[in-house]
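Enquirer: my questions are about this predicted structure, shown below with the sequence.
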Amino acid sequence: MIATYQVAIEQDSILVRMPANLFNREEIIRFLDYLEVESIRRRSQLTRAEAEQLAAEIDQTGWRQLQEQRGGSTEPQ
């Protein structure tokens, strides 16, 4: 299978390039939220329930930010 993405690590950043039509903005935000929570969980000793609660809080913040950017109401799916 040929990868439809490219990953590069430059100094303290990870760069991912992929065709814009693979995912919508909300899906990307959810995925990045998941990665952030997993990173935090791994470094701490969060229980799974605590990690899920944190993920829900981050998800709500992401939706709120999208709503502000769009200037209107955006409901999570």
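Expert: Arrived safely, thanks for sending. Small disclaimer: the values here were computed from a predicted structure and weren't measured. Numbering: from 1, shown residues only.

Enquirer: mind checking the backbone torsions on Ala55?
Expert: phi -60, psi -40 (degrees, to the nearest 10).

Enquirer: so the residue nearest to it when sequence neighbours are not counted is in which element?
Expert: Excluding the flanking residues, the one nearest Ala55 by Cβ to Cβ, 6 or more residues apart in numbering is Val37, at 4.6 Å. Where C-beta positions appear, they are placed from N, C-alpha and C, glycine not excepted. Taking DSSP states H and E as the criterion, Val37 maps to helix 25-43.

Enquirer: what does that helix contact?
Expert: Phe23, Leu46, Ala51, Leu54, Ala55, Ile58, Asp59, Gly62, Leu66, Pro76, Gln77 (Cβ atoms under 8 Å, 6 or more residues apart in numbering).

Enquirer: and the first one, which of the three is it?
Expert: Secondary structure, DSSP: H, G, I helix; E, B strand; the rest coil: Phe23 is coil.

Enquirer: what residues does it make contact with?
Expert: By Cβ under 8 Å, 6+ apart, the residues touching Phe23 are Phe31.

Enquirer: can you point out the buried residues in the helix or strand of the chain with the lowest mean pLDDT?
Expert: The weakest-scoring helix or strand in the chain, judged by mean pLDDT, DSSP states H and E, is helix 48-70 (a mean of 80). When burial is assessed from 16 or more other Cβ atoms under 10 Å, helix 48-70 yields the following buried residues: Ala51, Leu54, Ala55, Ile58, Asp59, Gly62, Trp63.

Enquirer: now stretch 35-43
Expert: For stretch 35-43, by 16+ other Cβ under 10 Å, it's Val37, Arg41.
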